[in-house]
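Engineer: sequence plus predicted model, see below.
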Amino acid sequence: MFRNQYDTDVTTWSPAGRLFQVEYAMEAVKQGSAAIGLRSRTHVVLACVNKANNELSSHQKKIFKVDDHIGVAIAGLTADGRVLSRYMRSECINHAFTYESPLPVGRLVVQLADKAQVCTQRSWKRPYGVGLLVAGLDESGAHLYYNCPSGNYFEYQAFAIGSRSQAAKTYLERRFEKFMDSSRDDLVKDALIAIRETLQGERLTSNICTVAVVGVGEPFHILDQNTVQQLIDAFEIVAEEEPPAAEAGDAADQETAAGEGAPAEEGAAPMDI
Amino acid sequence: MSFSKMPLVEANQALDASSLSLDSERTLYPYVTGTSVVAFKYRDGILMAADMGGSYGSTLRYKTVERIKPIGKHSLLGASGEISDFQEILRYLDELILYDNMWDDGNSLGPKEVHNYLTRVMYNRRNKFNPLWNSLVLGGVKNGQKYLGMVSMIGVNFEDNHVATGFGNHLARPILRDEWNEDLSFEDGVKLLEKCMRVLLYRDRSAVNKLQIAKITEEGATLFPPYSLKTFWGFEAYKNPTVGAEGSW
């Protein structure tokens, strides 16, 4: 995209019928570090890459629990994401107080989308620069939605956003038909593999990724680092020992298995490649 | 839903504190009231009964007041107390259900949600010293789950297998405590309801002999046409009441 005379204001249309400020906001999402989500009939898994700027600082928090049955992963301007998470938590809590029952995800997502739309139609506002993957449960089952700075929202079987998300999307596209009936553990494994795709050769350890799960009978929670590391080790060992047979027709594992170091090393410093 | 609007008439009157105040808009006492509502869970859902009387003090003024109404797809609301406040509540719920339907997303407010919403409304009004003068019974079935609860005018709310308002608490609930069970058939349930309503008819002076029974099941709500109970007054003590008192007037 190049600078042009229609891109100063969010309330200025271009002759081609585009709102450039909104599109620039969506670019901000693409610059953020990757986040992916996938769902089955009963569970939704969110995973994201969070790398610290340097070894001395802490990681950026990108997954937020919104309620027992809803969680969100963000990519883009994390400050905007934090503010929207606070709004979502507030809406959930207000609904639960008035109606003694959890706010259906579908409704929260529409409220979020309407909030984002307002910012695309006021000259004194700017669009939120964050994409949200909303994972939640309601009466009709498990859902995964993507909320865009444009105010659009879509429901997905699996999706990836942020930088190098195309690699993850390719992996997910190949396997998404099986997700509906996947077990919870298979979903988590697929999420971790998809995250690994976005790292492009870099070693996947639990230091640089975060995984969260929500499901029927399982409130939204972020998996702790040890659990995640064990899961990573489990499928990396399998990939090393039986590259062709382990994942049904999955070529990705073979490529990355060759690039991985010995799987037995745990807790290696993230930048050690 | 604004709770305090200044009527134009008042604005034109003398500008002293009491006439401009909103005190005259607060609920002080009820005027046209309904008496007990009785409800309990049965095998397929909830059964509820109320008579069709609206009393104006001690006068049995109105005799075709429907005090049970269906709410949305899943609930029934029965009310005793001030009839105009009940109508106001029906308007609030109408708006609530309307917005719920407008989402058009496969989710719908069930009886539990409506009950809690009503609790919030009643409690908030009570906090402003401007109560809705009602005792409400909310029953319903959603996804196979039966729900029955009550909210009072001060916002006290609870759920139970059988509830009653007003005199029903004193006259009907003891009967229900003895004779209610989880697996009542519809016919047995109606018989039990009639037993309670008959006692109320005999003993509650604001009861009228025209009652409405309603049921709600997974399929939906049904309000049955009103009918009257057979009563028996042929006791010896009631025959020839003036015997022995001739010439007293």
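Structural biologist: Nice, I can see it. Predicted model only: the values in this text are computed from it and were never measured.

Engineer: ok, and does the longest helix belonging to chain B reach over to chain A?
Structural biologist: In chain B, assigned by DSSP state H, the helix with the most residues is helix B:83-103. Yes. Applying C-beta under 8 Å from any C-beta of the partner chain, one finds helix B:83-103 touching chain A at B:W103. (C-beta placed from N, C-alpha, C; glycine too.)

Engineer: tell me which residues of that helix are tucked away?
Structural biologist: For helix B:83-103, the neighbour count (16 or more other C-beta atoms under 10 Å in any protein chain shown) marks B:I83, B:S84, B:D85, B:F86, B:E88, B:I89, B:L93, B:L96, B:I97, B:D100 as buried.

Engineer: contacting residues for the third one?
Structural biologist: B:D85 makes contacts with B:T27, B:P30, B:L132, B:W133, B:N134, as judged by C-beta atoms under 8 Å, 6 or more residues apart in numbering or on different chains.

Engineer: and for the first one, the neighbour number?
Structural biologist: B:T27 is flanked by 18 other residues according to other C-beta atoms under 10 Å in any protein chain shown.

Engineer: cool, B:E219 as well?
Structural biologist: Using other C-beta under 10 Å, B:E219 has 11 other residues around it.

Engineer: near chain B, which residues of the stretch 101-250 of chain A show up?
Structural biologist: Near chain B, when you scan the stretch 101-250 of chain A using C-beta under 8 Å from any C-beta, you find A:S101, A:P104, A:G106, A:R107, A:V110, A:D138, A:E139, A:S140.

Engineer: among those residues, which pair sits farthest apart?
Structural biologist: The span of these, defined through C-beta to C-beta, is set by A:S101 and A:V110 at 17.5 Å.

Engineer: buried residues of the helix or strand where A:E91 lies, list them for me.
Structural biologist: Per DSSP states H and E, A:E91 falls inside helix A:78-99. Buried residues in helix A:78-99, defined by neighbour count with 16+ other C-beta under 10 Å: A:T78, A:D80, A:G81, A:L84, A:S85, A:M88, A:R89, A:E91, A:C92, A:H95, A:Y99.

Engineer: what's it packed up against?
Structural biologist: strand A:63-67, strand A:70-76, helix A:105-118, strand A:130-138, helix B:111-127 (3 or more C-beta pairs under 8 Å, 6 or more residues apart in numbering or on different chains; DSSP states H and E).

Engineer: what's the third one in contact with?
Structural biologist: Yep, that's helix A:105-118 we're talking about. Outside helix A:105-118, the residues touching it (C-beta under 8 Å, 6+ apart) are A:66, A:69-70, A:84, A:87-88, A:91-92, A:125, A:127-128, A:132, A:134-138, A:143, A:145, A:147-153, B:103, B:105-107.

Engineer: now the end-to-end length of stretch A:178-191.
Structural biologist: Start-to-end span of stretch A:178-191 (C-alpha to C-alpha, to the nearest Å) is 13 Å.

Engineer: got a list of contacts for it?
Structural biologist: Around stretch A:178-191, the neighbours that count as contacts under C-beta under 8 Å, 6+ apart are A:36-43, A:45-47, A:157-158, A:172, A:175, A:211, A:213, A:215, A:218, A:223, A:231, A:234-235.

Engineer: let's see that with 7 Å instead.
Structural biologist: A:36, A:38-41, A:43, A:45, A:47, A:157-158, A:175, A:211, A:213, A:215, A:231, A:235 (C-beta atoms under 7 Å, 6 or more residues apart in numbering or on different chains).

Engineer: of all those, which two lie farthest apart?
Structural biologist: The distance between the two most remote of the contacts of stretch A:178-191 (C-beta to C-beta) is 22.5 Å, for A:R41 and A:F235.

Engineer: these two - which one has more neighbours?
Structural biologist: Set A:R41 next to A:F235 and count neighbours by other C-beta under 10 Å: A:F235 wins out with 20 against 12.

Engineer: how about that one, secondary structure?
Structural biologist: Following DSSP: H, G, I helix; E, B strand; the rest coil, A:F235 is assigned to helix.

Engineer: distance of it from chain B?
Structural biologist: Note on A:F235: its distance to chain B, by C-beta to the nearest C-beta, to the nearest Å, is 36 Å.

Engineer: just A:M88 next, same as before
Structural biologist: For A:M88 relative to chain B (C-beta to the nearest C-beta), the value is 17 Å.

Engineer: list the contacts for that residue?
Structural biologist: A:V66, A:V72, A:L108, A:L112.

Engineer: repeat that for 6 Å
Structural biologist: A:M88 makes contact with A:V66, according to C-beta atoms under 6 Å, 6 or more residues apart in numbering or on different chains.

Engineer: same question, the one 4 residues further on
Structural biologist: When the contact criterion is C-beta under 6 Å, 6+ apart, the partners of A:C92 are A:V66, A:D67, A:L103.

Engineer: may I ask which of those residues has the most neighbours?
Structural biologist: Of all the contacts of A:C92, A:V66 has the most neighbours under the rule other C-beta under 10 Å, reaching 27 neighbours.

Engineer: and the closest residue to that residue other than its chain neighbours, how far from A:K62?
Structural biologist: The shortest distance from A:V66 to any non-neighbouring residue, by C-beta to C-beta, 6 or more residues apart in numbering or on different chains, is to A:M88 (4.5 Å). As judged by C-beta to C-beta, to the nearest Å, A:M88 and A:K62 stand 15 Å apart.

Engineer: residues near B:L136, how many?
Structural biologist: For B:L136, using other C-beta under 10 Å, the count is 28.

Engineer: ok but it is inside a strand, no?
Structural biologist: Yes. Counting by three-state DSSP, B:L136 is found in a strand.

Engineer: what secondary structure does the spatially closest residue to B:D100 that is not a sequence neighbour sit in?
Structural biologist: Among residues not flanking B:D100 along the chain, B:L109 sits closest, at 4.9 Å (C-beta to C-beta, 6+ apart). Judged by three-state DSSP, the three-state class of B:L109 is coil.

Engineer: does B:L109 touch B:N101 like I think?
Structural biologist: No. Applying C-beta atoms under 6 Å as the test, B:L109 and B:N101 come out as separate, 9.4 Å apart.

Engineer: which residues touch the residue in the stretch 151-273 of chain A that chain B sits nearest to?
Structural biologist: Residue of the stretch 151-273 of chain A nearest chain B, by C-beta to the nearest C-beta: A:E155 (11.0 Å). Residues counted as contacts of A:E155 (C-beta under 6 Å, 6+ apart) are A:Y145.

Engineer: run the last query once more with 10 Å
Structural biologist: A:R39, A:V105, A:G106, A:V109, A:V134, A:H143, A:L144, A:Y145, A:Y146 (C-beta atoms under 10 Å, 6 or more residues apart in numbering or on different chains).

Engineer: and it, backbone torsions?
Structural biologist: Main-chain dihedrals, A:E155, degrees, to the nearest 10: phi -100, psi 140.

Engineer: give the bridge partners for it, please.
Structural biologist: A:Y145 (DSSP bridges).

Engineer: close to chain A, is the host helix or strand of B:G81?
Structural biologist: B:G81 belongs to strand B:75-82 when assigned by DSSP H and E. No. Using C-beta under 10 Å from any C-beta of the partner chain, we find that strand B:75-82 stays clear of chain A, coming within 12.7 Å at best.

Engineer: listing partners with orientation, what would you give for that strand?
Structural biologist: Looking at strand B:75-82 with DSSP bridges, its partner strands are strand B:32-34 (antiparallel), strand B:68-71 (antiparallel), strand B:134-142 (antiparallel).

Engineer: right, and the helix or strand after the last one?
Structural biologist: By that I understand strand B:134-142. Sequence order places strand B:145-151 as the next helix or strand after strand B:134-142, per DSSP H and E.
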